[in-house]
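Colleague: Pasted the sequence and its predicted model underneath.
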Amino acid sequence: MTANFGTPCRRAGFTLIEMMAVIAIMSILALLALPSYYSRVVRQQIEGIAPLVAIAETPIAAAWAGTQTLPADNAAAGLPAADKMVNNTVSAVLIQDGAINITFGNRATNALNGKILTIRPAIVADAPIVPVAWVCGNAAAPHNMTVKGANRTTIAATYLPLDCK
């Protein structure tokens, strides 16, 4: 009978150093993914304004179709006061010469809080039968159409949806 008293016994499992290396790698990967996740959250909040925008677009387009003029403000469009048109991420919807200015607030992310996104009507002046097209943020006007109203967009271009750049 021989005894192996001189060989060390290997136990199954991970050493503390191996575990720390894995945690460090996972932390670095999580930090790399965080900015893209934050941008996605901001874009989702911007896209969440669609119901309020639809409410404002309808009377503006109807005014253009009926009278070939654009409402100067919320009252002229038949809408509530700007501070009454709100949701979880919007603190005001203001109409100015047909343009819709959405001010973010309430529970909006820091990147949007207090910022404005403008959605402007694009029209064909000599063909009022052509429906109003809507231009978001810094986007260019459709071919042969004229954009009305001032663009007051203050949101960083990196956060704007593709249609608004």
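Modeller: That came through fine. As the structure is a computational prediction, the values presented were derived from the model and not from experiment.

Colleague: Could you list the low-pLDDT ranges of this protein?
Modeller: The chain contains residues with pLDDT under 70 at 1-10.

Colleague: Just give me the longest helix of it.
Modeller: The helix spanning the most residues in the chain, taking DSSP state H as the definition, is helix 16-47.

Colleague: Identify each buried residue in it, please.
Modeller: 42, 43, 45, 46 (16 or more other Cβ atoms under 10 Å). From N, CA and C alone the C-beta is placed, and that goes for glycine too.

Colleague: again, but for stretch 129-137
Modeller: For stretch 129-137, the neighbour count (16+ other Cβ under 10 Å) marks 132, 134, 135, 136, 137 as buried.

Colleague: Just flag the most distant two among those.
Modeller: Greatest spatial distance among those (Cβ to Cβ): 132 and 137, at 16.8 Å.

Colleague: got the buried residues of helix 16-47 as JSON lines, with distance to residue 120 columns?
Modeller: Output for the buried residues of helix 16-47, formatted as JSON lines (distance: Cβ to Cβ, whole Å):
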{"residue": "42", "distance to residue 120": "21"}
{"residue": "43", "distance to residue 120": "20"}
{"residue": "45", "distance to residue 120": "21"}
{"residue": "46", "distance to residue 120": "16"}
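
Colleague: ok, which stretches of the protein are strands?
Modeller: Counting by DSSP state E, one finds strands in the chain at the ranges 90-96, 99-104, 116-123, 133-136, 146-147.

Colleague: For residue 11, which of these is the nearest?
Modeller: Residue 11 sits nearest to strand 99-104 of all the strands of the chain, at 56.6 Å, using Cβ to Cβ.

Colleague: Before I go, just wanted to say thanks for your time.
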